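Asker: Give me the fold of what follows.
(chains A and B)
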There are 2 protein chains.
Amino acid sequence: MREIKIKASKEYDIVITSGRQNLLFQLENHKLKNFYVITDENVYEIHRAYFDLLRDKVLGISIIRAGEDFKNYETVSKLYEDMIKKDVNRKTTVMAIGGGVVGDLAGFIASTFMRGLKLVQIPTTLIAQCDSSVGGKNGYNFNNIKNLIGNIYQPDLVYIDVNFLKTLSSREYVNGMAEVIKYGFVCNKNFFNYLNENKKGIMEREADKLLHIVYECVKIKGKIVEEDELDADKRHILNFGHTIGHGIESASHFNILHGEAVSIGMAAESFIALKLGLIDIKDYEKLISLLKFFNLPVKFSNLKIEEILEYIKKDKKKISKDIKLILPDGIGHAIITSELKHSFIYEALNEFTK
Amino acid sequence: MREIKIKASKEYDIVITSGRQNLLFQLENHKLKNFYVITDENVYEIHRAYFDLLRDKVLGISIIRAGEDFKNYETVSKLYEDMIKKDVNRKTTVMAIGGGVVGDLAGFIASTFMRGLKLVQIPTTLIAQCDSSVGGKNGYNFNNIKNLIGNIYQPDLVYIDVNFLKTLSSREYVNGMAEVIKYGFVCNKNFFNYLNENKKGIMEREADKLLHIVYECVKIKGKIVEEDELDADKRHILNFGHTIGHGIESASHFNILHGEAVSIGMAAESFIALKLGLIDIKDYEKLISLLKFFNLPVKFSNLKIEEILEYIKKDKKKISKDIKLILPDGIGHAIITSELKHSFIYEALNEFTK
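Answerer: As a prediction, the model looks like this:
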């Protein structure tokens, strides 16, 4: 078991372990009791033992439908209504057991019900364990704009059990690997090398490898969150692959998963960095071959580039007509630029259609 | 012009002045530009000069219908939609020009749109200037529960122009006096004495009196917010009169205004304090006669005590079956108790029916 303490506007612990045997102790240790649990149907089906463990401490369990399509106000308001029925009060802790959608909705609800309840995140996917459960970002989609409504609200505890990762489908697992590779490629060269050297064991989900990659990602992300909790500047680096990735994800109507889209986005944005002379061809190829090793897509098909660009322009992070890109300049760091012409991005995307 | 700096999770200035002549300077000085303005139809009608002043700096003005009835998600979602249409982005500042309803909605929207925009509060009612514009509480009503959904989000600037108070109806003005008297009675004996000694000038809305009472209330509230921003303990004292007040307000279906209900609540809760020997009859009578001087109600009619109690029990702040009361123990301080039997509160309320 490893622990990382995050010192943001609120100080909180992230526990990284394999198995649920420490959960009750950790909850007690953090003085957390009386939970309102939010999960999705898949997690509830497969991991019933988790819910049995918590049985005595739970006011209610709300099982939402899985998937990005349900991350909207309709789901939010149903949860609010159920919380009223279950007599949730200011001493109740909201607990999310699930992937990014569950975590994002639960975080938003905890931050807005009765002006803020305590929050425990128990992320079950690789993408949630390495990325979305840390740092407090939450939200839901509004008028087809991803995460338009949301805020930044830190949890009181994050309990990461890497055993959850063993039950993920291959597609869901490698979806998370895109974010893991992102952390290596733009934040930490040693970690990128580790991923390259241990890719086989990681692909086979060996327990020590899982613990190590989750620990490293959380450590990198935690440090960035401490420096820029409100996403004003330094945290932008984590959007590597996401500008183009979000455009692709939206244009595919979420048929391409988030990590898959980020993988294509990283490929395209690195290609732009290559064209601008920020990275050399060897580094570029290292990234592409690692993405391919994990069966992540690096090209897209059946999407119109015009449509992808339209979604990029509508991105909630856009603050002017310029498109902001995070471009690697060597492995382990990146620059942020808004100076590229749209036509340049168009041409780069053109290289990434199958 | 007076300034108070609040040092909460965010540091911000409150400017208290008469007139709008300093507004543009203050906005520039705080590096605030590009506003999305939320106001209500009454304020927009009477204070057009304010909107003219801001004309060049505004992406959009949204005029909501006045009143507690419209403080709901329907209004919130219409505002979100309008903000998308007007191309509001992360560099836009939300500006509230209005009373408590406008301020509460604008605060919630600023805190949740694109994970948080800057916020300027320009409160126009006495209740908003002395109380709700300071401290960051926001929210909307959900399933008939007042402010069930909301959070605590500090503004970047509060600009208080006491000239707004001169255009309020008598009823709206004295409605705010209830909160002003509250600050004196449970937080600061000198201020309570000041109110007593200057009640005539205050009732006549003399400019120096208005500046003084707003300044004193903001100073008291600011200090409490600095000590307990998240409303964990010390801030509870500001709920004096509000436990019973909220019950009366809800049972009247908001026909009794917030301050009027708080006035009756303060009377009833002080009566309980008197019965328990926490205050003496002279202090109790001082409060009652000051409330009466300002034409504030100290009794209610046409409401069922059972129904008031039901609403009190449903209050979002309730964390157990016990009813929490803030009871003055001498002028200028109060205790918090949850130990009174419901029947005791019932009997006290019985004394306050007309």
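
Asker: just to confirm, which helix or strand has A:Arg90 in it?
Answerer: Taking DSSP states H and E as the definition, one finds A:Arg90 inside no helix or strand.

Asker: A:Glu172: neighbour count?
Answerer: Neighbour count for A:Glu172, taken as other C-beta atoms under 10 Å in any protein chain shown: 18. C-beta here means a position set from N, CA and C on the backbone, and glycine is covered the same way.

Asker: ok so it is a helix residue?
Answerer: Yes. According to DSSP: H, G, I helix; E, B strand; the rest coil, A:Glu172 belongs to a helix.

Asker: Would you check that it makes contact with A:Gln129?
Answerer: No. Checked against C-beta atoms under 8 Å, the pair A:Glu172 and A:Gln129 is beyond contact range at 11.9 Å.

Asker: What segments of the stretch 51-200 of chain A are helices?
Answerer: A:73-85, A:100-112, A:126-127, A:170-187, A:189-197, A:199-203 (DSSP state H, counting those that start in this stretch).

Asker: remind me which residues of the stretch 201-350 of chain A are low pLDDT?
Answerer: For the stretch 201-350 of chain A, the stretches with pLDDT under 70 are A:316-320.

Asker: hmm, back to that, got a markdown table for the helices of the stretch 51-200 of chain A, with distance to B:Tyr346 too?
Answerer: Below are the helices of the stretch 51-200 of chain A laid out as a markdown table (distance: least, C-beta to C-beta, whole Å):
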| stretch | distance to B:Tyr346 |
| --- | --- |
| helix A:73-85 | 25 |
| helix A:100-112 | 33 |
| helix A:126-127 | 54 |
| helix A:170-187 | 57 |
| helix A:189-197 | 65 |
| helix A:199-203 | 66 |
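
Asker: What is the neighbour count of the nearest residue to A:Lys275 once chain neighbours are set aside?
Answerer: Excluding its sequence neighbours, the residue lying closest to A:Lys275 (C-beta to C-beta, 6 or more residues apart in numbering or on different chains) is A:Ala348, at 7.1 Å. A count of nearby residues for A:Ala348, using other C-beta under 10 Å, gives 22.

Asker: who in the stretch 151-300 of chain A is up against chain B?
Answerer: Proximity of the stretch 151-300 of chain A to chain B, by C-beta under 8 Å from any C-beta of the partner chain, involves residues A:Asn151, A:Ile152, A:Tyr153, A:Leu230, A:Asp231.

Asker: Out of the residues you listed, which end up buried?
Answerer: Buried members of those, scored by 16 or more other C-beta atoms under 10 Å in any protein chain shown, are A:Asn151, A:Ile152, A:Tyr153, A:Asp231.

Asker: Show me the two of these that sit farthest apart.
Answerer: A:Tyr153 and A:Asp231 (13.0 Å; C-beta to C-beta).

Asker: Contacts only, for the spatially most central residue of chain A.
Answerer: Centroid-nearest residue in chain A: A:Ser132, 3.4 Å away (criterion: C-alpha atoms, centre = their mean). Contact analysis of A:Ser132 by C-beta atoms under 8 Å, 6 or more residues apart in numbering or on different chains lists A:Gly100, A:Gly103, A:Asp104, A:Pro123.

Asker: Report the two of those residues separated the most.
Answerer: By the measure C-beta to C-beta, A:Asp104 and A:Pro123 form the most distant pair in these, at 11.0 Å.

Asker: quick one: which of the two has more around it?
Answerer: Here A:Asp104 and A:Pro123 are compared on neighbour count by other C-beta under 10 Å; more neighbours surround A:Pro123, at 28 against 24.

Asker: Phi first, then psi, for the nearest residue to that one once chain neighbours are set aside.
Answerer: With sequence-adjacent residues excluded and distances taken as C-beta to C-beta, 6+ apart, A:Pro123 is closest to A:Ser133, at 3.9 Å. Per-residue torsions, A:Ser133: phi -80, psi -10 (degrees, to the nearest 10).

Asker: pretty sure A:Ser133 contacts A:Leu157?
Answerer: No. A:Ser133 lies out of contact with A:Leu157 (C-beta under 8 Å); the separation is 10.5 Å.

Asker: Overlap of the contact sets of those two?
Answerer: A:Gln121.

Asker: where does the stretch 1-150 of chain A have low pLDDT?
Answerer: By pLDDT under 70, the stretch 1-150 of chain A contains no weakly predicted segment.

Asker: residues in it within reach of chain B, list them.
Answerer: Residues of the stretch 1-150 of chain A lying near chain B (C-beta under 8 Å from any C-beta): A:9, A:73, A:77, A:80-81, A:84, A:89-91, A:111-116, A:137, A:139, A:142-143, A:145, A:147-150.

Asker: Buried ones among these?
Answerer: Counted by 16+ other C-beta under 10 Å, the residues of the stretch 1-150 of chain A next to chain B give A:73, A:80, A:84, A:89-90, A:111-116, A:137, A:139, A:142, A:145, A:147-150 as buried.

Asker: Name the SS class of the closest residue to A:Ala49 other than its chain neighbours, please.
Answerer: Computed as C-beta to C-beta, 6+ apart, the closest residue to A:Ala49 that is not its neighbour in sequence is A:Arg20, at 7.0 Å. Reduced to three states with three-state DSSP, the structure at A:Arg20 is coil.

Asker: For A:Arg20, give its distance to chain B.
Answerer: Counting by C-beta to the nearest C-beta, to the nearest Å, the gap from A:Arg20 to chain B is 29 Å.

Asker: how close does that residue get to A:His47?
Answerer: In this structure, A:Arg20 and A:His47 are 9 Å apart, going by C-beta to C-beta, to the nearest Å.

Asker: Please identify which of the two sits among more neighbours.
Answerer: Higher neighbour count among A:Arg20 and A:His47: A:His47, with 21 against 17, using other C-beta under 10 Å.

Asker: burial count for A:Arg55?
Answerer: Neighbours of A:Arg55 under the rule other C-beta under 10 Å: 8.

Asker: List the residues that contact it.
Answerer: Going by C-beta under 8 Å, 6+ apart, A:Arg55 touches no other residue.

Asker: Look up how far chain B lies from it.
Answerer: As judged by C-beta to the nearest C-beta, A:Arg55 and chain B stand 22 Å apart.

Asker: just A:Val298 next, same as before
Answerer: According to C-beta to the nearest C-beta, A:Val298 stands 30 Å off from chain B.

Asker: Nearest residue to that residue in space, ignoring adjacent ones along the chain?
Answerer: A:Val298 sits nearest to A:Ala267 (C-beta to C-beta, 6+ apart), 4.0 Å away.

Asker: Now the longest helix that chain A contains: buried residues?
Answerer: The longest helix of chain A (DSSP state H) is helix A:207-227. Neighbour counts over helix A:207-227 (16+ other C-beta under 10 Å) mark A:209-222, A:224-225 as buried.

Asker: same question, stretch A:83-103
Answerer: Within stretch A:83-103, the residues scored as buried using 16+ other C-beta under 10 Å are A:83-84, A:88-90, A:92-103.

Asker: angle of the helix or strand hosting A:Glu306 against helix B:73-85?
Answerer: Using DSSP H and E, A:Glu306 sits within helix A:305-314. On the basis of axes from the mean of the first three to the mean of the last three C-alpha atoms, to 10 degrees, helix A:305-314 is oriented at 120 degrees to helix B:73-85.

Asker: can you tell me if helix A:305-314 touches chain B.
Answerer: No. Interface with chain B: helix A:305-314 contributes nothing (C-beta under 8 Å from any C-beta), its closest point being 9.0 Å away.

Asker: elements contacting that helix?
Answerer: Packing contacts for helix A:305-314, counted by 3 or more C-beta pairs under 8 Å, 6 or more residues apart in numbering or on different chains; DSSP states H and E, involve helix A:242-251, helix A:342-350.

Asker: Contacts for the next helix-or-strand element following that helix, please.
Answerer: Per DSSP H and E, the first helix or strand lying C-terminal to helix A:305-314 is strand A:325-328. Defining contact as C-beta under 8 Å, 6+ apart, one finds that strand A:325-328 is touched by A:185-186, A:236-237, A:239-244, A:269-270, A:272-273, A:276, A:278-279, A:283, A:334-338, A:340, A:345.

Asker: All set now, cheers.
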